[in-house]
Each structure stands twice: as structure tokens, then as C-alpha cells.
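[1] let me see the structure of the following:
(one chain, ligands or ions: 1)
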Amino acid sequence: MSTQKFNIAVVGATGAVGHEMLSILEERNFPINELRLLASERSAGKKLSFKGKEIEVQVLNENSFEGIEIALFSAGGSISKKFVPAAIKAGAVSVDNTSAFRMDPNTPLVVPEVNPDAIKDHNGCIANPNCSTIQMVVALKPLHDAGKIKRIVVSTYQSVSGAGVKAIQEMYAEAQAIIENRVYQRQIFPHQIAFNILPQIPQENAFMKNGYSEEELKMINETKKIMGDDSIRVTATTVRVPVERAHSEAVNVETEKKITADQARELLSKAPGVQVQDDLDKGEFPLASNATGQDPVFVGRIREDLSLENGLEMWVVADNLRKGAALNAIQIGEYLVAHPELLKKQVSSS
Ligand code: A2P
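    The predicted structure is shown next:
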């Protein structure tokens, strides 16, 4: 086994996903030589703990990537657009958790359980898909391989942590204010999130002329790119619910070849990254509260669609900060360290 260790930067280390990245890097014993933590000026001098040591957060700038081999970005799309090129110039491979480069034809969009080999085609940046897309494609890939998916209809129930640390704080503060009959001044969500449900993601500039939200279009376009199949028809309704962590999805799929509910359970029970939780007699099905802090994509309520010949219904739940973001990015990082020749690629080709 290789004992090589790598210089890693985490951009957005103080955020909700950044925090999760640090714990997963530690948990999985990622082979790290230097860990560089980067955030905004607001975090200058702050220290974060990693493997029992305190590491000072540095302010992100154009020179932050000198000597870095893998840069994990999770500080928002505008930061990625500005600084991924700087990371590439410095010779680092970026794994970008934002939507900045996901649909760029020169940037692979990767879920390691679905299309790991796309990583080989990188040009310095590999995009991590949208959280809701990741958990859905992990659950659907084995069904697509077995029966070829024709159409997907998905409705999401997404937790507030997907909108960042401040959104979590806002949900609790607003709930407390409502309980105490106080007025609450919202800063993140455009409408009440506590004890309410918002069919608008993201919370700012959400809707297109055709009535779909940005998040819905991400699910539609990213699914086709990751599955490598433009013929799959996808429609989505994405919804924010007052849950701190883990996204839930009601997924309906129509396949070319019939897959029974039992066959689906069998296929999913063998699929990488999936855990079937589907025993109605025991009241067992996936719950956001149980998925929180866990790695698998949980699938349950698997049943044949009564309205369709070749249709399946299922309930898919995963921790949006782990598999939906940090874990998926670190799995991509693990693929890179297992294929270290890919870390030199953009340097040798430039
Ligand atoms: P900071 O904590 O210094 O603001 P979340 O999505 O949970 O809100 O986290 C966003 C992350 O992105 C945080 O780590 C935040 O750092 C970081 N970030 C936001 N704006 C910038 C910026 N201009 N430069 C560097 N990091 C940024």
C-alpha cells in the first residue's frame, strides 16, 4: 500500500459542509501531509481542530494554493468561479461542491458509485453534484442498469442545512420566536421556515421563466449528465422543510423493462452506497432523523406504481452534508489519491 501523503486545502472550512469535510477526512484517515483551511476575512485567526491539533484558518486569496495537490471547494459558486482557476494554475486538482462548473462540458460531474471513471477526464476540476441529485442517482443507477429508466418524477423534502449554517440558526430562532409569540426578523429565507414548507430552492433568485426553480433544473440536468443518458426524462419539485439535516425524496421511476418491487429491493440491497430500510410490518422506513450523520443512501417504501405498467415508487433519504456534499467530494479525493497520476495531469498538459 502506498504511504504517499497529500497537501489538501479546504475552501469554506468554517461552513456547514466544510465542518463535515474535516470530520470525514479525519474519520477516513485521508492521507494528508498538510491541511490548509481557508475561509473569508471574517474567520481570520480562527482555529479549527483536526486530529487533536488546532489549525489556524487562513484568508482565501490567489496565492492560497501554492503546494496544494487537492483543493476541496465549498464556499459558494462565486468563490469557486474566482478561485478554482487559481487552484488549477498552482497545480492543484479542485473538487468543487458548488454549481459553478457542473454543467461545463469539460468538467466531469461525479458520483463515485455511479460514474467514477469520469474522474479520469478531468481538466483540473471535478464537480460534485447537487445534494438532492447525488442521493437520487445512487438509488437509481442499479434500476437503470437493470431496466433502463425512461422517466423520473421526484419531489424533495430538503433540510435547512442545505442553505448553510445561518439557515439552521434561523429555523431554530424563528421557531422559538413563534412559540414565544415574538416577531422574528428573517435574514435567510424569504418566508417563514419554522412550522412551514417552502416550494422555493434556492431561497434567492429561485425561479426561471418556465416556472421551474434553479434546484429543480439542477436535478433534471445533472441526472442526465451523471447517468450519461440524455434520453431519461426527469421532472422535479424541490421543497424546503423545517428539518435540520438530511434530505428526503419521493421518487417515481418508469422503466423500459418491468422491475417488480421485490426485484428492486434485491438490486438495491446489493448496490454500493445504498441501504434498504423497507419492512412495513416493523414500521421500518428511512427517516431524516436516522440518516443524520450516516453515510448510506437509505431507500424504503418501495412499491409498484398502481397507475403505471412499469413504474416504481420509493422514498430515498440521505444526509445532505455527508453523501450529498462532503462525503461525495472526499470519495472523489480518495479516487484521486488511488490514481496519483491524475493529480499531475493538468500540470503536465499545460
Ligand atoms: P466564513 O465563515 O469566513 O464566512 P455556509 O454555507 O455554511 O454558510 O458556509 C460558507 C463557507 O464559505 C464558510 O466557510 C465561509 O467562510 C466561506 N466563505 C464565504 N464567503 C467567502 C469568501 N469571500 N472568501 C472565502 N470564504 C468564504
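[2] which positions in stretch 16-31 come out as buried?
    By 16 or more other CB atoms under 10 Å, the buried positions in stretch 16-31 come out as Ala16, Val17, Gly18, His19, Glu20, Met21, Leu22, Ile24, Leu25, Phe30, Pro31. Heads up, the C-betas are built off the backbone N, CA and C, glycines and all.
[3] so what pLDDT did the nearest residue to the third one once chain neighbours are set aside get?
    Same thing as Gly18. By the measure of CB to CB, 6 or more residues apart in numbering, the closest residue to Gly18 outside its immediate chain neighbours is Gly12, 4.5 Å from it. On pLDDT, Gly12 comes in at 98.
[4] show me the contacts for Gly12.
    Contacts for Gly12 (CB atoms under 8 Å, 6 or more residues apart in numbering) come out as Gly18, Leu38, Ala39, Phe73, Ser74, Ala75, Gly76, Ile79, Asn97.
[5] biggest helix in this structure, by residue count?
    Longest helix in the chain by number of residues (criterion: DSSP state H): helix 131-147.
[6] rewinding a little: tabulate the buried residues of stretch 16-31 (a markdown table), appending pLDDT and distance to the ligand.
    As requested, the buried residues of stretch 16-31 are exported to a markdown table (pLDDT from 0 to 100; distance: CB to the nearest ligand atom, whole Å):
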| residue | pLDDT | distance to the ligand |
| --- | --- | --- |
| Ala16 | 93 | 4 |
| Val17 | 95 | 6 |
| Gly18 | 97 | 5 |
| His19 | 96 | 8 |
| Glu20 | 97 | 10 |
| Met21 | 98 | 10 |
| Leu22 | 98 | 11 |
| Ile24 | 98 | 15 |
| Leu25 | 98 | 15 |
| Phe30 | 98 | 19 |
| Pro31 | 98 | 24 |
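[7] inside helices: which ones of those?
    Short answer: the buried residues of stretch 16-31 in helices (DSSP H) are Ala16, Val17, Gly18, His19, Glu20, Met21, Leu22, Ile24, Leu25.
[8] which members of the buried residues of stretch 16-31 are the farthest-apart pair?
    Ala16 and Pro31 (25.0 Å; CB to CB).
[9] buried stuff in stretch 134-152?
    Those would be 134-144, 147, 149-152, for stretch 134-152 by 16+ other CB under 10 Å.
[10] among those residues, which are in reach of the ligand?
    When contact is defined as CB under 6 Å from any ligand atom, these do not meet the ligand at all.
[11] ok, those vs Gln176, which is closest?
    For those, the nearest to Gln176 is Gln135 (30.0 Å; CB to CB).
[12] from what I can see that closest one touches Lys323, true?
    Yes: counting by CB atoms under 8 Å, Gln135 touches Lys323, with 6.1 Å between them.
[13] which neighbours do these two share?
    Counting by CB under 8 Å, 6+ apart, the contacts common to Gln135 and Lys323 are Val297.
[14] for Ile152, give me phi and psi.
    Ile152 has phi and psi values of phi -120, psi 130 when expressed as degrees, to the nearest 10.
[15] residues in contact with it?
    So Ile152 contacts Met136, Leu140, Thr223, Ile232, Arg233, Val234, Thr235, Val251, Asn252, Val253, Glu254 (CB under 8 Å, 6+ apart).
[16] distance of the last one from the ligand?
    Meaning Glu254. 35 Å (CB to the nearest ligand atom, to the nearest Å).
[17] what helix or strand does that residue sit in?
    Using DSSP states H and E, the element containing Glu254 is strand 247-255.
[18] and that strand, how far from the chain's centre?
    From the chain centre to the centre of strand 247-255 is a distance of 17 Å (CA atoms, centre = their mean, to the nearest Å).
[19] which residues sit against whichever helix or strand comes after it?
    Per DSSP H and E, the first helix or strand lying C-terminal to strand 247-255 is helix 261-269. Contact with helix 261-269 is made by 139, 142-143, 146, 259, 274, 276, 278, 299, 302-304, 312, 314, as judged by CB under 8 Å, 6+ apart.
[20] and the next helix or strand past helix 261-269?
    That would be, after helix 261-269 and using DSSP H and E, strand 274-276.
[21] that next one: how far from the chain's middle?
    17 Å.
[22] what is the mean pLDDT for it?
    98.
[23] what packs against that strand?
    Other elements packing on strand 274-276 under the criterion 3 or more CB pairs under 8 Å, 6 or more residues apart in numbering; DSSP states H and E are helix 131-147, helix 261-269, strand 297-304.
[24] a markdown table for these, including distance to Lys89?
    Putting the helices and strands packed on strand 274-276 into a markdown table (distance: least, CB to CB, whole Å) gives the following:
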| stretch | distance to Lys89 |
| --- | --- |
| helix 131-147 | 28 |
| helix 261-269 | 43 |
| strand 297-304 | 36 |
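[25] cool, thanks, signing off.
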